[in-house]
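**Q** Sequence unavailable; structure follows:
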């Protein structure tokens with residue numbers, strides 16, 4: 001039993017209770033500081049992404065090797081032609097309350113660089129899943145503009161969701177650029193270009209900057225953890241002092 005007196009009030013608690021209190025308070029404060037750190041990281045990340053989205057378009061023919069995390073949302077342009085015979089539907093994507101597909105078409109840059117999947121936008125699901133929408137596109141030489149982004153990721157990934165079917169166009173729920181490259185027979189970049197809304201050959205495009213949890217929410221979580229630590233401290237002091245009065 002640990003006992004001490006301060007300002008005429010005697011506090012008494014067991015070593016086990018004190019150890020448990022210190023452990024829990026330490027854990028709660030650690031979680032609070034972790035959330036503050038995550039909030040700061042998100043603030044820096046958003047600033048980087050905003051700066052990237054406002055930068056001049058990067059010519060991928062001249063700069064084929066890029067860091068997709070550093071240049072996420074950076075405007076880009078690239079010259080080449082679409083591979084119209086090998087297109088991809090990403091299944092189960094909602095837009096304005098409707099179910100549909102995202103259409104990704106391989107783009108072959110001039111100069112023999114790895115292909116790049118161009119996200120041409122969203123199309124609605126037809127009357128039947130057995131009949132895919134018509135997404136034909138001409139293979140003429142052209143320049144496309146858009147922005148760099150990661151591939152879309154579902155909230156829940158099912159087993160085999162990334163495996164393409166046997167015939168083109170293929171339908172998947174998750175993009176695995178290595179699997180698709182093996183099926184296509186040529187290398188693919190590990191990022192997508194979201195086609196600029198002003199560009200032709202696209203569908204419904206409402207591109208956004210994705211933030212799962214904004215910095216403000218991380219800070220709110222931190223306040224909650226620190227608040228719990230303060231509440232636990234007040235409760236521990238009250239219980240420890242009350243016991244001696246009851247005796």
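**A** Cool, got the structure. The shown structure was predicted, so the numbers you read here are calculated from the model rather than taken from an experiment.

**Q** List the contacts of the nearest residue to residue 36 once chain neighbours are set aside.
**A** Distance criterion C-beta to C-beta, 6 or more residues apart in numbering; nearest residue to residue 36, sequence neighbours excluded, is residue 222 at 4.7 Å. For the C-beta atoms, the positions are set from N, CA and C on the backbone; glycine is no exception. Counting by C-beta atoms under 8 Å, 6 or more residues apart in numbering, residue 222 makes contact with 32-33, 35-36, 39.

**Q** Confidence-wise, which of the residues you listed comes last?
**A** pLDDT across the contacts of residue 222 is lowest for residue 39, at 92.

**Q** That one is in contact with residue 223, isn't it?
**A** No: under the criterion of C-beta atoms under 8 Å, residue 39 makes no contact with residue 223, lying 10.7 Å away.

**Q** So which of the two has more stuff around it?
**A** residue 39 (20 against 12; other C-beta atoms under 10 Å).

**Q** can I assume the more buried one sits in a strand?
**A** No: according to DSSP: H, G, I helix; E, B strand; the rest coil, residue 39 belongs to no strand; its state is helix.

**Q** Domains in this structure, by residue range?
**A** 2-48+214-246, 74-195 (automatic domain parsing).

**Q** what about the longest one, how long is it end to end?
**A** What it means is domain 74-195. End-to-end distance for domain 74-195: 12 Å, by C-alpha to C-alpha, to the nearest Å.

**Q** circling back to that earlier point, the domains of the chain: which one's closest to residue 60?
**A** Among the domains of the chain, the nearest to residue 60 by C-beta to C-beta is domain 74-195 (4.1 Å).

**Q** any idea how far that closest one is from the chain center?
**A** In terms of C-alpha atoms, centre = their mean, to the nearest Å, the centre of domain 74-195 is found 18 Å from the chain centre.

**Q** pLDDT of it, averaged?
**A** Here the average pLDDT along domain 74-195 is 91.

**Q** Ok, stretch 219-229 next?
**A** Mean predicted confidence for stretch 219-229 is 95.

**Q** just stretch 18-27 next, same as before
**A** Rounded mean pLDDT across stretch 18-27 is 92.

**Q** Which parts of it count as buried, going by neighbours?
**A** 21, 25 (16 or more other C-beta atoms under 10 Å).

**Q** next one: stretch 56-75
**A** 58, 60-61, 66, 71-75.

**Q** Now render these as JSON lines, adding distance to residue 50 and secondary structure.
**A** Below are those laid out as JSON lines (distance: C-beta to C-beta, whole Å; DSSP: H, G, I helix; E, B strand; the rest coil):
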{"residue": "58", "distance to residue 50": "16", "secondary structure": "strand"}
{"residue": "60", "distance to residue 50": "21", "secondary structure": "coil"}
{"residue": "61", "distance to residue 50": "26", "secondary structure": "coil"}
{"residue": "66", "distance to residue 50": "18", "secondary structure": "coil"}
{"residue": "71", "distance to residue 50": "13", "secondary structure": "coil"}
{"residue": "72", "distance to residue 50": "11", "secondary structure": "coil"}
{"residue": "73", "distance to residue 50": "8", "secondary structure": "coil"}
{"residue": "74", "distance to residue 50": "11", "secondary structure": "coil"}
{"residue": "75", "distance to residue 50": "13", "secondary structure": "strand"}
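
**Q** hang on, the earlier thing: including distance to residue 135 and secondary structure, could the contacts of residue 222 go into a markdown table?
**A** Formatted as a markdown table, the contacts of residue 222 follow (distance: C-beta to C-beta, whole Å; three-state DSSP):
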| residue | distance to residue 135 | secondary structure |
| --- | --- | --- |
| 32 | 49 | helix |
| 33 | 49 | helix |
| 35 | 43 | helix |
| 36 | 46 | helix |
| 39 | 41 | helix |
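
**Q** Please tell me how far the closest residue to residue 88 other than its chain neighbours sits from residue 90.
**A** Using C-beta to C-beta, 6+ apart and skipping residues adjacent in sequence, the residue nearest residue 88 is residue 104, 4.3 Å away. Between residue 104 and residue 90 the computed distance is 7 Å (C-beta to C-beta, to the nearest Å).
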